[in-house]
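Undergrad: Make a model of this:
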Amino acid sequence: MKGRSLLLLSMALAASSVSFAQTDSGKMKQVAYKVVDGNKVDNDTLQGWRTWRALACERCHGAKQEGMVGPSLVDALKTLDKNEFHRTVFGGRVDKGMPDFSASQMMQKNWENLYAYLKGRSDGKINPGDLQAIDAK
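TA: Next comes the predicted model:
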């Protein structure tokens, strides 16, 4: 029984990925997402991916978030903290072609989930392409 408990614990730890983002004050803030097999994610991260798809972010950043007209978010999220991500999404970078999504209710509701999804892509834990819920059958 003890061996089974250790196995379950190790599987749960392997399924969870925790990343850290540096804040403006230099402190590290935890960004949590869960991923199994590269394409099964927790419900919040799944909502982040759905937000990505619904707002057609791939038109500029590419289907694999590796950049096209807009920069690679796989690279950018290695250093971009959550606060700067929020400022960019809700203020845009109009001079560079990045629209302001502050009027989008979907973005207002899911920006942190989108950040977690992109952080998982940047960390190499989430594969490009379609995702599904961890508990999907």
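
Undergrad: Okay, helices next: where are they in this structure?
TA: Using DSSP state H, the helices assigned to the chain run over residues 2-15, 43-54, 58-61, 73-76, 82-91, 105-122.

Undergrad: gap between the nearest residue to residue 96 once chain neighbours are set aside and residue 62?
TA: Using Cβ to Cβ, 6 or more residues apart in numbering and skipping the chain neighbours, the partner closest in space to residue 96 is residue 70 (7.8 Å). Every C-beta, even on glycine, is put in place using the N, C-alpha and C of the backbone. Residue 70 sits 8 Å away from residue 62, taking Cβ to Cβ, to the nearest Å as the criterion.

Undergrad: With residue 135 instead?
TA: As for residue 135, its distance to residue 62 is 29 Å (criterion: Cβ to Cβ).

Undergrad: Between these two, which has more neighbouring residues?
TA: Neighbour totals were compared for residue 135 and residue 62, and residue 62 leads with 18 against 9 (other Cβ atoms under 10 Å).

Undergrad: Phi, psi for the residue nearest to that one when sequence neighbours are not counted please.
TA: Nearest residue to residue 62 in three dimensions, chain neighbours excluded: residue 68, at 4.5 Å (Cβ to Cβ, 6+ apart). Note on residue 68: backbone dihedrals following degrees, to the nearest 10 are phi -150, psi -100.
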